[in-house]
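# sequence and computational prediction follow.
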Amino acid sequence: MEKDEEKVSHWFDLEAGQIIEGLAIGEGEERKVYVITTEAPAEQAWVHERWPLIFRIEP
């Protein structure tokens, strides 16, 4: 999900085999996830200039 300049949410589905790269850190029951971002693909740049880094994995 990304929010545009007007704070409107836009949801985008991942394709089968795609994952979002991130880093989960924490201690005990407290966890935080930081999503790695890159420049948005041209077809989604109208929503936000940064975009989650998406990889394809082989099953």
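Yep, it's here. Small disclaimer: the values here were computed from a predicted structure and weren't measured. Residues are numbered from 1 along each chain as shown.

# okay, which residue is most central for the protein?
residue 52 (3.1 Å; CA atoms, centre = their mean).

# for it, phi and psi?
Per-residue torsions, residue 52: phi -60, psi 140 (degrees, to the nearest 10).

# gap between it and residue 2?
Going from residue 52 to residue 2 by CB to CB, to the nearest Å gives 8 Å. C-beta: built from backbone N, CA, C; applies to glycine.

# for the residue nearest to the centre of the chain, which non-adjacent residue is closest in space?
Using CB to CB, 6 or more residues apart in numbering and skipping the chain neighbours, the partner closest in space to residue 52 is residue 20 (4.6 Å).

# so who does the one you found touch?
By CB atoms under 8 Å, 6 or more residues apart in numbering, the contact list for residue 20 reads 14, 35-36, 52-54.

# hmm, 7 Å instead?
35, 52, 54 (CB atoms under 7 Å, 6 or more residues apart in numbering).

# residue 25 pairs with what?
Taking DSSP bridges as the rule, residue 25 bridges to residue 32.

# measure residue 46 to residue 40 for me?
Residue 46 is 9 Å from residue 40, by CB to CB.

# and if you look at residue 5?
For residue 5, the distance to residue 40 - CB to CB - is 13 Å.
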